[in-house]
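Novice: Sequence and predicted structure, then a few things I'm wondering about:
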Amino acid sequence: MKFSWKNQKRPILALAPMAGYTDSAFRQLVKSIEPKTICFTEFTCTEGIVYNSKNTFRQLDFNPKKEKPLIVQIFGKKPEHFATSAKVLEELGADAIDINMGCPAKKVVSSDHGSALLKNPDLAAEIVAATKNATALPVSVKTRIGISEYDPDWLIDFCKKLEKAGADLISIHGRTAKQMYKGLANWNAAYEVKKNLKIPVIGNGDIASAKDALEKLQNLDGVMVGRATIGNPWLMAEIRAAFEGKTYKKPETFEEKLPILIKHCELNVETKGEKRGMLEMRKHLAGAVKGFPGASEYRAKVVHLNTLKEAKQILNEISNHIKNEQKLNNN
Ligand SMILES: Cc1cc2nc3c(=O)[nH]c(=O)nc-3n(C[C@H](O)[C@H](O)[C@H](O)COP(=O)(O)O)c2cc1C
């Protein structure tokens, strides 16, 4: 069935787009644990799509059986580039397009992409309209609450403009672009936008537990979770269970986490080849190997891993090491 934001079961639970993290392997991993998660891709440059960059298309690879519905996030500044990209992505099998109007990174903003679009609401609306006209797919926008300060009226006007231009959903990360990742996310901003819009609104920022998600949801259509899933792909299952009034028992010990860590390695190798896959896996493993005596020595080893076989060996060695330490402590 054709994907639509309106038809999604509430509350929507979305994996935030995170460049360098929410690649196909990670999305498949999260969905293997909580299948109802809606995954956003890492942001992809519209220019890369328009000019047929090999790297861009490599980044867009996805597994249609294991990741759907897949929301592909794109960034850029030219409406015609968004229109062409939307057509290409529709052909590639994306279920929806998300437009990045939130990235505060210097490199992105200095070329008028990402959160720079907040400075030019007319262009932002033109981009949404051009994308909508080019595709039958739903088009959403992910944005922040302002450029350097939060003005509720300004944000509501900005979002209304996007809605009028055809946006099907807006997700709001409760920080200004100037804040980058500092301070606490302001969720009231999203609640106010929701009160003033007809289209669905998703909130984002600082959800680290199921309890956070339950507390922050309020009048919104859903929540989007980013950083807290890194090293904790079980979080989405915990949140979904909490939304349904249930509890999810996530793995606690390294031994219990081992199958998922190995699966993540395998998915990386499957999607990127062994060399690049294991290179990318190093940061995830470094995040997972912590909190036990001797962790720093093992971390130094996992950041030099090159093959899947080595990864499996070292991860099993770590698991045995922790078990032996515990036995010694118990005796
Ligand atoms: C490493 C990293 C990469 C990110 N990449 C993107 C991106 O490609 N597109 C985007 O809209 N936001 C991106 N973000 C922002 C997240 O989607 C999210 O809005 C932000 O991290 C706040 O949510 P959280 O507190 O749940 O992490 C990124 C954040 C991080 C930490």
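Specialist: Everything's here; your move.

Novice: From now on I want contacts and neighbour counts done on CA atoms only, so please keep to that.
Specialist: Fine.

Novice: Report how many residues lie close to residue 325.
Specialist: Residue 325 is flanked by 13 other residues according to other C-alpha atoms under 10 Å.

Novice: same deal with residue 4?
Specialist: By the criterion of other C-alpha under 10 Å, residue 4 has 15 neighbours.

Novice: now the strands: where do they sit in this protein?
Specialist: With DSSP state E as the criterion, the chain has strands at 12-15, 38-40, 44-45, 70-75, 96-101, 139-144, 169-173, 201-204, 222-225.

Novice: Direction included, what does the fifth one pair up with?
Specialist: Next to strand 96-101 in the sheet, as set by DSSP bridges, lie strand 70-75 (parallel), strand 139-144 (parallel).

Novice: now, of those strands, which is deepest in the fold?
Specialist: Greatest average neighbour count among the strands paired with strand 96-101 goes to strand 139-144 (a mean of 26), per mean count of other C-alpha atoms under 10 Å.

Novice: can you list the weak-confidence ranges in the stretch 201-331 of the chain?
Specialist: Along the stretch 201-331 of the chain, the model assigns pLDDT under 70 to no residue.

Novice: coming back round to it: I'd like to know which of the strands paired with strand 96-101 is closest to the ligand.
Specialist: strand 139-144 (5.9 Å; C-alpha to the nearest ligand atom).

Novice: okay, the angle between the closest one and strand 169-173?
Specialist: 20 degrees (axes from the mean of the first three to the mean of the last three C-alpha atoms, to 10 degrees).

Novice: sorry, back to before: what would the strands paired with strand 96-101 look like in CSV with distance to the ligand?
Specialist: What follows is those, written out as CSV (distance: least, C-alpha to the nearest ligand atom, whole Å):
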stretch, distance to the ligand
strand 70-75, 7
strand 139-144, 6
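
Novice: Redo the ones you listed as TSV? Include mean pLDDT.
Specialist: Formatted as TSV, these follow (pLDDT from 0 to 100):
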stretch	mean pLDDT
strand 70-75	98
strand 139-144	98
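
Novice: right, and those - which one's nearest residue 129?
Specialist: Across the strands paired with strand 96-101, residue 129 has its closest neighbour in strand 139-144 (9.3 Å, C-alpha to C-alpha).

Novice: can you list the residues that contact the closest one?
Specialist: Applying C-alpha atoms under 8 Å, 6 or more residues apart in numbering, the external contacts of strand 139-144 come out as 96-103, 115, 128, 131-132, 166-177.
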